[in-house]
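Student: pasted the sequence and its predicted model underneath.
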Amino acid sequence: MTFRKYILLVIICLFAIGLQETSNPKEVDAFTNQIIQRGSVGDDVIELQARLQYIGYYKGKIDGVFGWGTYWALRNFQKDYGLTIDGLAGLKTRQKLVNVSKFDGKWVHTQIAKGNDFTYYGGTDLAKQTKPNRNAPKGNTAPQPKQQPNQNTQNTNNNNTNATNNTATNTNNANQNTANTTNNTAVNVPQGFSQNDINLMANAVYGEARGEPYEGQVAVAAVILNRVESPTFPNTVAGVIFEPRAFTAVADGQIWLTPNDKAREAVLDAINGWDPTGEAIYYFNPDTATSSWIWGRPQIKRIGKHIFCK
């Protein structure tokens, strides 16, 4: 075989391979190389939302708009999987999402084109296999039942305080919280709650109940935690707070007001076990409520201007 014929044969082989690749293109359903961040829109955001929803982090509408709900879902995912918690879908975050989730782009886009406002995108089995257990207790410690503040008079190290009857303990808690702020940790925060969870809850408490008595602010935080623990609500703080139509402060933007120290203290008291509501999962202001449904919920008690319900 002459050299010219050999070169011609190689060219023909390469051309044939090219035709085969063109006629049978590889299926590509992963992200582009763009960093996805808050304010982004388009197909990458749709895939991000769908993948986060697949493994149980994002509970909102898959609409291709990177808003606050997507942002907090992404941060919770990053925390659980040991990634840099920045709310940006960079290369490592996108790769981890691809590894632990699935994405049927054609199906998702078809649903969007039909105008379907679906807020669940499969994946229960895979989610159970891949999602870390954020709430697992350390060692063999069994979960302790919640205690009411008046049961703690013999335990001066317990932070389940009653703001009305124990202002000295609250002052001590405030000093401890301030001291720990620089270390980005909170006082006696149980396994499963991040500093971001605490900050977001403080925003919600301040936006929803800053004019309420201290017990009423703790009560709002307790409702959020009760929803996280309930099987009928999202299982993350961000998921609960940003669930559509769940909190007025999210709807009117007051969630982004800067919370004061009192709101943060209320969150820590709720996390450490004080539930003034008696395990309520709903509350409403009877002076402004217009929903007949909420009036039909079994009422537990009234604290300040809010009625707390089962």
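Tutor: Ah, there it is.
Student: which strand or helix spans the closest residue in space to residue 284 that isn't next to it in sequence?
Tutor: Closest residue in space to residue 284, ignoring its immediate chain neighbours: residue 294 at 4.8 Å, by Cβ to Cβ, 6 or more residues apart in numbering. For glycine as for every other residue, the C-beta is placed from the backbone atoms N, C-alpha and C. Per DSSP states H and E: residue 294 is located in helix 292-295.
Student: which positions in that helix come out as buried?
Tutor: Using 16 or more other Cβ atoms under 10 Å as the test for burial, helix 292-295 gives residue 294.
Student: just checking, what packs against that helix?
Tutor: Contacts defined by 3 or more Cβ pairs under 8 Å, 6 or more residues apart in numbering; DSSP states H and E place helix 292-295 against strand 282-284.
Student: tell me the strands beside the strand it packs on, with direction?
Tutor: Its sheet considered, strand 282-284 pairs with strand 306-309 (antiparallel) by DSSP bridges.
Student: for the strand it pairs with, what is the average pLDDT?
Tutor: Mean per-residue pLDDT for strand 306-309: 94.
Student: just stretch 78-88 next, same as before
Tutor: Here stretch 78-88 scores 91 as its mean pLDDT.
Student: same thing with stretch 102-116?
Tutor: So the average pLDDT for stretch 102-116 ends up being 83.
Student: after the helix or strand bottoming out on mean pLDDT in the chain comes which helix or strand?
Tutor: Using mean pLDDT, DSSP states H and E, helix 167-181 stands out as the lowest-scoring helix or strand of the chain, at a mean of 40. Going down the chain from helix 167-181, the next helix or strand is helix 195-209, by DSSP H and E.
Student: following element in sequence after that following helix, please.
Tutor: For helix 195-209, the succeeding helix or strand toward the C-terminus, using DSSP H and E, is helix 214-229.
Student: just name whatever secondary elements whatever helix or strand comes next after that next one is in contact with.
Tutor: Using DSSP H and E, the helix or strand that directly follows helix 214-229 along the chain is helix 237-241. Contact partners of helix 237-241 among helices and strands, from 3+ Cβ pairs under 8 Å, 6+ apart: helix 68-80, helix 195-209, helix 214-229.
Student: quick one: contacts for the nearest residue to residue 286 once chain neighbours are set aside?
Tutor: Of all residues not flanking residue 286 in the chain, residue 307 sits nearest, at 5.7 Å (Cβ to Cβ, 6+ apart). The contact partners of residue 307, taken as Cβ atoms under 8 Å, 6 or more residues apart in numbering, are 283, 284, 285, 286, 299, 301.
Student: and the buried ones among those residues, selectable in PyMOL?
Tutor: Here is the PyMOL selection string for the buried members of the contacts of residue 307, based on 16+ other Cβ under 10 Å:
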select buried, resi 283+284+299
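Student: dump the contacts of residue 307 to CSV, plus pLDDT.
Tutor: Below are those laid out as CSV (pLDDT from 0 to 100):
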residue, pLDDT
283, 94
284, 93
285, 90
286, 89
299, 94
301, 92
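Student: pick out the most distant pair among the contacts of residue 307.
Tutor: Pairwise distances across the contacts of residue 307 (Cβ to Cβ) peak at 14.3 Å, for the pair 285 and 301.
Student: residues in contact with residue 278?
Tutor: So residue 278 contacts 300, 301, 308 (Cβ under 8 Å, 6+ apart).
Student: any stretches of the stretch 151-300 of the chain with poor pLDDT?
Tutor: Within the stretch 151-300 of the chain, the stretches with pLDDT under 70 are 151-192.
Student: got the domain ranges for the chain?
Tutor: Domain segmentation of the chain under automatic domain parsing yields 43-130, 182-309.
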